[in-house]
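J.: The sequence isn't on hand, but the structure is:
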């Protein structure tokens with residue numbers, strides 16, 4: 001939105017913070033910012049990284065210029081927050097070097113953020129911290145683009161979704177339906193026969209857990225596949241991604257409309273329509 005049009009809006013900009021735990025921070029922030037920009041709402045974003053872990057894959061100049069630490073923002077209130085995943089599933093949560101810092105941030109969001117979206121490992125971490133829901137190791141990496149169905153169609157988060165939609169996954173662990181169903185405050189929104197539970201939401205809409213990567217761009221799975229091959233990892237070709245399952249073919253994008261609608265609905269129904277006009281009154 002241009003400056004002239006923005007100044008005539010009667011709503012204030014939405015204040016969002018993204019805790020980026022991925023090693024390739026520039027790539028991840030670009031993926032998410034593209035989706036957040038697909039809305040008529042004015043959105044102002046602060047990028048956050050952990051102080052207890054030094055990123056080896058992002059230039060220090062970029063971090064110093066564009067990122068803040070939790071200590072710099074913890075006195076503020078935010079309309080929305082996104083906590084990304086991280087490729088550390090082989091570790092128990094307590095073994096992660098920034099786990100204590102992340103726990104503090106996850107406690108903070110309950111009083112300082114209207115609605116928070118947790119992605120992939122971030123979703124598993126949130127469900128474990130808040131509800132003691134464990135993650136389970138898979139026999140092989142869940143890797144590719146999978147079909148999903150709507151489990152609860154009355155929830156605004158999936159308003160406008162088709163009855164079946166596709167989304168990428170890239171992980172070695174899972175959460176299980178039977179553990180989530182024990183928690184009365186949690187609602188399963190959608191799932192996949194192959195990939196398991198996909199979206200979970202608290203009944204008040206303040207926490208949304210997404211186990212996949214709807215934010216991925218067209219070549220992300222391809223890049224991950226080629227990276228693992230170079231490392232000598234025994235990795236299968238991403239499911240339902242390359243035409244004819246041939247890695248030399250250009251990947252097919254089957255999840256873009258779902259991704260845009262997911263973030264649009266979150267910003268509209270759970271951030272903009274739920275947050276107070278005076279951001280300082282968030283409780």
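T.: Now that the structure is in, tell me what you want to look at. This structure is a prediction, so every number in the text was calculated from the model and none was measured. Residues are numbered from 1 along each chain as shown.

J.: C-alpha only now, for contacts and for neighbours.
T.: Noted.

J.: what's the span of stretch 112-127 from first residue to last?
T.: Across its full length, stretch 112-127 reaches 19 Å between end residues, using C-alpha to C-alpha, to the nearest Å.

J.: Helices of the protein, start to end?
T.: For the chain, the helices defined by DSSP state H occupy 3-7, 25-36, 60-66, 70-73, 99-112, 121-131, 177-180, 220-230, 256-265.

J.: Point out the most buried one among these.
T.: Of all the helices of the chain, helix 121-131 carries the top mean neighbour count, a mean of 21, counting by mean count of other C-alpha atoms under 10 Å.

J.: Can you check what angle separates that helix from helix 99-112?
T.: For helix 121-131 against helix 99-112, the angle by axes from the mean of the first three to the mean of the last three C-alpha atoms, to 10 degrees is 70 degrees.

J.: Of the helices of the chain, which is nearest residue 212?
T.: For the helices of the chain, proximity to residue 212 was assessed by C-alpha to C-alpha; helix 121-131 is nearest, at 9.0 Å.

J.: Mind giving me the packing neighbours of that closest one?
T.: For helix 121-131, the elements it packs on are strand 207-210, judged by 3 or more C-alpha pairs under 8 Å, 6 or more residues apart in numbering; DSSP states H and E.

J.: and the strand it packs on, what other elements does it pack with?
T.: In terms of contacts (3+ C-alpha pairs under 8 Å, 6+ apart), strand 207-210 is packed against strand 113-119, helix 121-131, strand 196-202.

J.: Export those to CSV and append columns for distance to residue 268 and mean pLDDT.
T.: Formatted as CSV, these follow (distance: least, C-alpha to C-alpha, whole Å; pLDDT from 0 to 100):
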stretch, distance to residue 268, mean pLDDT
strand 113-119, 11, 97
helix 121-131, 21, 97
strand 196-202, 15, 97
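
J.: Tabulate those in JSON lines, adding columns for distance to residue 240.
T.: Putting the helices and strands packed on strand 207-210 into JSON lines (distance: least, C-alpha to C-alpha, whole Å) gives the following:
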{"stretch": "strand 113-119", "distance to residue 240": "21"}
{"stretch": "helix 121-131", "distance to residue 240": "22"}
{"stretch": "strand 196-202", "distance to residue 240": "16"}
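
J.: and residue 6, what pLDDT?
T.: At residue 6, the pLDDT value in this model is 66.

J.: Then residue 176?
T.: Reading off the model, residue 176 has pLDDT 96.

J.: same thing with the one 10 residues further on?
T.: Turning to residue 186, the model gives it a pLDDT of 97.

J.: who touches it in this structure?
T.: Contacts here follow C-alpha atoms under 8 Å, 6 or more residues apart in numbering; on that basis residue 186 touches 180, 200-203.

J.: Which members of those residues are the farthest-apart pair?
T.: 180 and 203 (12.9 Å).

J.: How many neighbouring residues does residue 51 have?
T.: 13 (other C-alpha atoms under 10 Å).

J.: For the closest residue in space to it that isn't next to it in sequence, which residues are in contact?
T.: Setting aside the residues directly before and after it, residue 51 is nearest to residue 69 in space (C-alpha to C-alpha, 6 or more residues apart in numbering), at 6.1 Å. Going by C-alpha under 8 Å, 6+ apart, residue 69 touches 48-51.

J.: Check the residues you listed for burial and list the buried ones.
T.: Buried members of these, scored by 16 or more other C-alpha atoms under 10 Å, are 48-50.

J.: pretty sure residue 167 contacts residue 147?
T.: Yes. Assessed by C-alpha atoms under 8 Å, residue 167 is found in contact with residue 147 at 6.9 Å.

J.: Which one's more surrounded, these two?
T.: residue 167 (24 against 17).

J.: low-scoring pLDDT stretches of the stretch 1-150 of the chain, where are they?
T.: Scanning the stretch 1-150 of the chain for pLDDT under 70 picks out 1, 5-10.

J.: Apologies, that question was intended for the stretch 151-283 of the chain.
T.: Those would be none, if you go by pLDDT under 70 across the stretch 151-283 of the chain.
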